[in-house]
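In: Generate a structure from the sequence data that follows.
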Amino acid sequence: MNQHSDVKPGKIPFTGYQKLVVAILAFLQFTIILDFMVLSPLGALVMPALKIGPQQFGMVVSAYAFSAGASGILAAGYADRFDRKRLLLFFYVGFVLGTALCGLAQNFEMLLFARIVTGIFGGVIGSIVLAVTTDLFALEMRGRVMGVIQTAFAASQILGLPLALYLSTLWDWHAPFVLIVVVSAAVGILIAFYMRPVDMHLGQKQERGPFAHLRATVTEPRHLLAFCTVALLATGGYMLMPFGSAFTVNNLKIDLEHLPTIYLVTGLFTILIGPLVGRASDRFGKFNVFLAGIVVSIATVLFYTNLGPTPLFEVVVINVVLFVGIFSRMIPAQALMTAIPEPSKRGAFNAVSASLQQVSGGVAAVIAGSLVAEGADGRLEHFPRLGYVVVGASLITLFFMYKIHRAIPEKPVQV
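Out: Here you go, the predicted structure:
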């Protein structure tokens, strides 16, 4: 499927089936990302409803990350031993069940358990999506593929989060999880009936047992730098995201009713930015686009975390710029690192990467919960500390990505 000898040099088109796969994977990512993201903007509702503070809420957010990290390690040894489509369906069903439990949770303990279950299954899905993408698309196409798939992030902002927040204010905070279960059922049907088996890797030689396969993947020298990079990439989102809505409402003094507007406008811009970033990554080089994203992110994070009461329009603009920076890092980084593992280790490599990302993100969420405190008036105190930690992690990540870039030759393509 990666043979394109009949096309003009420097230009690789998508087949009809490849376009269908990209659409299905983007649809799937929409539900996964929405489930993960929806809890953060609901923080302003969940904390008073369950009578919990920022530290306990940070535990709920990090529970997903830690359970996803553990399941990623356990699944890594088996990730290349099955048809990737069947593996995807198995974990997706578990994810839907975990999300349903979130919709039924009535106290802190129940919600914590539900997020653990959701993380066990949902946290592995992203690694399977990356393995499928790598199997079906040449490196010169992966920037565009990642750009489209990551528009699910923006789509969750435009369609999912505003609707979720509206349903939460109309009923209660459980409603968004019920919505995700309904949408996910439709996605599962699409995968089951329209995606072909993804089993080309099964014909290649592998280690005898799952543990040996995992050990070979983890100890591969060229994988280690990528694993460190992935772990640091998670820091920014996990540190700022859990307290985004509480910071916006209590520190920036934006009414709770205006939160959907912020996510809607931000999503409208980022859904356009995602494919453009993907195309730019293939055309100008993935590291070059990543570097631009780092610069934008650092400047925006330092400004954002030091804000006080701010007009709604300015908050919207800042959020748009922040997410442009995030997309410009995330898309090229993911596309570039798919070139590191060989086909017989792609599933295991991506599973370990996802595990490290989740665990490091969970650690970041816990650290964030300990760095900030809730004042008597509801304001989050010491929030700028998070910005400084994010900037430090970003600079180290930039150095690691440069070393990866030097090891992977890229050919620019016409897009």
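
In: give me the number of residues near the closest residue to residue 408 other than its chain neighbours?
Out: With C-beta to C-beta, 6 or more residues apart in numbering as the criterion, residue 408 has its nearest non-adjacent residue at 5.0 Å, and that residue is residue 339. All C-beta atoms are positioned from the backbone trio N, CA, C, and that covers glycine. Residue 339: 17 surrounding residues under other C-beta atoms under 10 Å.

In: could you point out which element follows the lengthiest helix in the chain?
Out: Among the elements of type helix in the chain, defined by DSSP state H, the one spanning the most residues is helix 108-136. On the C-terminal side of helix 108-136, the closest following helix or strand by DSSP states H and E is helix 139-149.

In: Wait, residue 27 touches residue 187, no?
Out: Yes. Counting by C-beta atoms under 8 Å, residue 187 is a contact partner of residue 27 at 5.3 Å.

In: Just give the closest residue to residue 30, not the sequence neighbours.
Out: For residue 30, the spatially nearest residue (C-beta to C-beta, 6+ apart) is residue 152, at 4.0 Å.

In: Could you report the separation of that neighbour from residue 311?
Out: Note on residue 152: its distance to residue 311, by C-beta to C-beta, to the nearest Å, is 30 Å.

In: cool, and residue 115?
Out: 34 Å.

In: Likewise for residue 347?
Out: As judged by C-beta to C-beta, residue 347 and residue 311 stand 48 Å apart.

In: again with residue 389
Out: Taken as C-beta to C-beta, the spacing of residue 389 relative to residue 311 amounts to 27 Å.

In: Counting neighbours, go ahead and name the busier of the two.
Out: A side-by-side neighbour count of residue 389 and residue 311, using other C-beta under 10 Å, places residue 389 first with 20 against 11.

In: That one: which element?
Out: For residue 389, the secondary-structure element it belongs to, assigned by DSSP H and E, is helix 384-407.

In: Please list the residues outside stretch 227-237 that contact it.
Out: Contacts of stretch 227-237 with the rest of the structure, by C-beta atoms under 8 Å, 6 or more residues apart in numbering, involve 218, 297, 301, 326, 329-330, 333, 337, 352-353, 356-361, 364, 389-390, 393-394, 396-397, 400-401, 404.

In: angle of the helix or strand containing residue 69 against helix 108-136?
Out: Counting by DSSP H and E, the element that carries residue 69 is helix 54-76. The directions of helix 54-76 and helix 108-136 differ by 40 degrees, with axes from the mean of the first three to the mean of the last three C-alpha atoms, to 10 degrees as the criterion.

In: Which strands and helices lie in contact with helix 54-76?
Out: Applying 3 or more C-beta pairs under 8 Å, 6 or more residues apart in numbering; DSSP states H and E, we find helix 54-76 packed against helix 43-50, helix 108-136, helix 210-219, helix 235-240, helix 346-371.

In: average pLDDT across it?
Out: In this model, helix 54-76 has a mean pLDDT of 78.

In: could you check the angle helix 210-219 makes with that helix?
Out: Our comparison of helix 54-76 with helix 210-219, counting by the same axes, to 10 degrees, yields an angle of 110 degrees.

In: what are the C-alpha coordinates of the following helix or strand past helix 54-76, in CSV please?
Out: Remark: after helix 54-76, the chain's next helix or strand is helix 84-104, criterion DSSP H and E. Included here for helix 84-104 are C-alpha records, laid out as CSV according to Å, rounded to 0.1, in the frame of the first residue of the first chain:
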residue,chain,number,x,y,z
ARG,A,84,-4.5,-4.6,14.8
LYS,A,85,-8.1,-4.2,13.9
ARG,A,86,-9.2,-6.9,16.4
LEU,A,87,-7.0,-5.4,19.1
LEU,A,88,-8.5,-2.0,18.4
LEU,A,89,-12.1,-3.3,18.8
PHE,A,90,-11.2,-5.2,22.0
PHE,A,91,-9.9,-2.1,23.8
TYR,A,92,-12.5,0.2,22.4
VAL,A,93,-15.3,-2.0,23.9
GLY,A,94,-13.6,-1.8,27.3
PHE,A,95,-13.3,2.0,26.9
VAL,A,96,-17.0,2.3,26.3
LEU,A,97,-17.8,0.3,29.4
GLY,A,98,-15.5,2.5,31.5
THR,A,99,-17.1,5.6,30.2
ALA,A,100,-20.5,4.2,31.0
LEU,A,101,-19.3,3.8,34.6
CYS,A,102,-18.3,7.4,34.7
GLY,A,103,-21.8,8.3,33.8
LEU,A,104,-23.1,6.3,36.7
